[in-house]
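Colleague: Have a look at this prediction, sequence included:
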Amino acid sequence: MPGKILVVSDSHGARQKLDAIVRHEEPFDVLVHCGDGVDDLSRIIIPVTTRVIKVTGNMDISRGYIFERTIIAEIYSRRIMVTHGDMFRVDQDLSMLLEEGMLQGVDIICFGHTHKAFYRDGPAVLFNPGPVTGGFYGVITIGADIRCRHRAI
(Lines give C-alpha, C1' and ligand atoms only; values in the text may rest on other atoms or scores of the structure.)
Protein backbone atom coordinates (compact mmCIF):
# COMPACT_ATOMS: atom_id res chain seq x y z
CA MET A 1 0.00 0.00 0.00
CA PRO A 2 1.44 3.41 -0.94
CA GLY A 3 2.37 5.92 1.74
CA LYS A 4 1.03 9.46 1.76
CA ILE A 5 3.10 12.51 2.66
CA LEU A 6 1.49 15.93 3.13
CA VAL A 7 3.96 18.70 2.23
CA VAL A 8 3.46 22.33 3.28
CA SER A 9 5.62 25.42 3.37
CA ASP A 10 5.52 29.12 4.11
CA SER A 11 2.46 29.16 6.35
CA HIS A 12 3.57 32.48 7.93
CA GLY A 13 0.80 32.42 10.56
CA ALA A 14 -1.99 31.24 8.23
CA ARG A 15 -3.09 28.69 10.81
CA GLN A 16 -6.69 28.43 9.60
CA LYS A 17 -5.52 27.52 6.11
CA LEU A 18 -2.95 25.08 7.47
CA ASP A 19 -5.59 23.45 9.66
CA ALA A 20 -8.02 23.23 6.72
CA ILE A 21 -5.33 21.55 4.61
CA VAL A 22 -4.59 19.00 7.34
CA ARG A 23 -8.31 18.23 7.82
CA HIS A 24 -8.89 17.93 4.08
CA GLU A 25 -5.99 15.54 3.47
CA GLU A 26 -6.48 13.20 6.43
CA PRO A 27 -5.46 10.43 6.60
CA PHE A 28 -1.74 10.76 5.85
CA ASP A 29 1.32 9.22 7.44
CA VAL A 30 3.89 12.00 7.32
CA LEU A 31 3.59 15.80 7.51
CA VAL A 32 6.52 17.79 6.12
CA HIS A 33 6.80 21.54 6.78
CA CYS A 34 9.52 23.20 4.68
CA GLY A 35 9.88 26.23 6.95
CA ASP A 36 8.64 29.77 7.54
CA GLY A 37 5.80 29.20 9.94
CA VAL A 38 6.87 25.98 11.67
CA ASP A 39 5.42 27.33 14.93
CA ASP A 40 2.00 27.17 13.25
CA LEU A 41 2.16 23.38 13.62
CA SER A 42 1.98 23.72 17.41
CA ARG A 43 -1.29 25.63 17.10
CA ILE A 44 -3.27 23.10 15.06
CA ILE A 45 -4.35 19.53 15.72
CA ILE A 46 -2.20 16.96 13.94
CA PRO A 47 -3.18 13.29 14.14
CA VAL A 48 -1.12 11.67 16.92
CA THR A 49 0.17 8.86 14.70
CA THR A 50 1.57 11.32 12.12
CA ARG A 51 5.33 11.62 11.77
CA VAL A 52 6.21 15.34 11.56
CA ILE A 53 9.35 16.58 9.83
CA LYS A 54 9.99 20.31 10.02
CA VAL A 55 12.86 22.62 9.22
CA THR A 56 13.60 26.22 10.07
CA GLY A 57 13.10 28.87 7.40
CA ASN A 58 14.74 32.28 7.28
CA MET A 59 11.69 33.98 8.82
CA ASP A 60 11.50 31.38 11.61
CA ILE A 61 15.03 32.29 12.66
CA SER A 62 14.08 35.96 13.01
CA ARG A 63 11.18 34.88 15.27
CA GLY A 64 13.41 32.67 17.42
CA TYR A 65 12.23 29.26 16.18
CA ILE A 66 15.38 27.27 15.63
CA PHE A 67 15.25 23.70 14.35
CA GLU A 68 17.41 21.91 11.82
CA ARG A 69 17.86 23.82 8.56
CA THR A 70 18.07 20.68 6.43
CA ILE A 71 16.93 17.16 7.28
CA ILE A 72 17.56 13.92 5.41
CA ALA A 73 14.92 11.34 6.31
CA GLU A 74 14.12 7.86 5.13
CA ILE A 75 10.43 7.52 4.39
CA TYR A 76 8.95 4.43 2.73
CA SER A 77 12.47 3.30 1.75
CA ARG A 78 13.16 6.59 -0.06
CA ARG A 79 15.66 9.23 1.03
CA ILE A 80 14.02 12.64 1.28
CA MET A 81 15.78 15.95 1.84
CA VAL A 82 13.70 18.69 3.48
CA THR A 83 14.97 22.26 3.55
CA HIS A 84 13.54 25.75 3.32
CA GLY A 85 15.78 26.62 0.40
CA ASP A 86 17.11 30.06 1.27
CA MET A 87 20.54 28.60 2.14
CA PHE A 88 20.69 27.11 -1.37
CA ARG A 89 19.58 30.36 -3.07
CA VAL A 90 16.52 28.71 -4.66
CA ASP A 91 15.12 32.13 -5.53
CA GLN A 92 17.99 32.46 -8.05
CA ASP A 93 18.23 28.91 -9.43
CA LEU A 94 18.02 25.31 -8.23
CA SER A 95 21.54 24.15 -9.05
CA MET A 96 22.94 24.39 -5.47
CA LEU A 97 19.90 22.59 -4.09
CA LEU A 98 20.07 19.80 -6.64
CA GLU A 99 23.82 19.45 -6.16
CA GLU A 100 23.39 19.01 -2.40
CA GLY A 101 20.60 16.50 -2.95
CA MET A 102 22.76 14.48 -5.31
CA LEU A 103 25.67 14.55 -2.81
CA GLN A 104 23.30 13.26 -0.13
CA GLY A 105 21.95 10.54 -2.44
CA VAL A 106 18.32 11.54 -2.02
CA ASP A 107 15.33 10.57 -4.14
CA ILE A 108 13.19 13.63 -3.33
CA ILE A 109 14.02 17.21 -2.34
CA CYS A 110 11.20 19.20 -0.69
CA PHE A 111 11.71 22.94 -0.33
CA GLY A 112 9.88 26.26 -0.02
CA HIS A 113 11.00 29.89 0.20
CA THR A 114 10.05 30.99 -3.35
CA HIS A 115 6.28 31.00 -2.72
CA LYS A 116 5.90 29.26 -6.10
CA ALA A 117 4.72 25.69 -6.59
CA PHE A 118 7.31 23.68 -8.50
CA TYR A 119 7.89 20.09 -9.60
CA ARG A 120 10.64 18.55 -11.66
CA ASP A 121 11.39 14.87 -12.10
CA GLY A 122 14.95 13.73 -12.51
CA PRO A 123 17.67 11.90 -10.67
CA ALA A 124 16.19 13.60 -7.60
CA VAL A 125 12.62 14.88 -7.67
CA LEU A 126 12.44 18.61 -6.84
CA PHE A 127 9.16 19.55 -5.15
CA ASN A 128 7.98 22.89 -3.77
CA PRO A 129 4.36 22.71 -2.58
CA GLY A 130 3.77 26.45 -2.87
CA PRO A 131 2.78 28.71 0.05
CA VAL A 132 0.10 27.80 2.58
CA THR A 133 -0.64 31.55 2.72
CA GLY A 134 -2.12 31.18 -0.77
CA GLY A 135 -3.90 27.93 0.12
CA PHE A 136 -1.32 25.78 -1.69
CA TYR A 137 0.21 22.49 -0.59
CA GLY A 138 1.43 19.21 -1.99
CA VAL A 139 0.90 15.49 -1.63
CA ILE A 140 3.57 12.92 -2.35
CA THR A 141 2.52 9.31 -2.71
CA ILE A 142 5.26 6.72 -2.53
CA GLY A 143 4.74 3.16 -3.68
CA ALA A 144 6.52 1.44 -6.53
CA ASP A 145 7.04 4.94 -7.90
CA ILE A 146 6.96 8.52 -6.62
CA ARG A 147 3.92 10.65 -7.44
CA CYS A 148 3.85 14.37 -6.57
CA ARG A 149 0.70 16.46 -6.83
CA HIS A 150 0.06 20.14 -6.19
CA ARG A 151 -3.23 21.00 -4.54
CA ALA A 152 -5.04 24.06 -3.25
CA ILE A 153 -7.89 24.72 -0.87
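Modeller: Great, that's in hand.
Colleague: For the rest of this, base every contact and every neighbour count on C-alpha atoms.
Modeller: Will do.
Colleague: now the helices: where do they sit in the protein?
Modeller: 15-25, 58-62, 95-104 (DSSP state H).
Colleague: Out of those helices, which gets the lowest mean score?
Modeller: Least confidently modelled of the helices of the chain is helix 58-62, at a mean of 90 by mean pLDDT.
Colleague: name the helices or strands packed onto that helix?
Modeller: Applying 3 or more CA pairs under 8 Å, 6 or more residues apart in numbering; DSSP states H and E, we find helix 58-62 packed against no helix or strand.
Colleague: got the buried residues for that helix?
Modeller: Asn58, Met59, Asp60 (16 or more other CA atoms under 10 Å).
Colleague: okay if I get those residues as a markdown table plus distance to His33?
Modeller: Converted to a markdown table, the buried residues of helix 58-62 look like this (distance: CA to CA, whole Å):
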| residue | distance to His33 |
| --- | --- |
| Asn58 | 13 |
| Met59 | 14 |
| Asp60 | 12 |
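Colleague: will you turn the helices of the chain into CSV that also has distance to Ser42?
Modeller: Shown next, in CSV, are those (distance: least, CA to CA, whole Å):
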stretch, distance to Ser42
helix 15-25, 10
helix 58-62, 14
helix 95-104, 28
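Colleague: So which of these is nearest Ile71?
Modeller: Nearest to Ile71 among the helices of the chain is helix 95-104 (10.5 Å), distances taken as CA to CA.
Colleague: Can you tell me what sits against that closest one?
Modeller: Helix 95-104 is contacted from outside by Ile72, Met81, Gly85, Phe88, Arg89, Val90, Ile108, Ile109, Pro123, Ala124, Leu126, using CA atoms under 8 Å, 6 or more residues apart in numbering.
Colleague: Would you mind stating the distance between Ser9 and Leu18?
Modeller: Ser9 sits 10 Å away from Leu18 when distances are taken as CA to CA, to the nearest Å.
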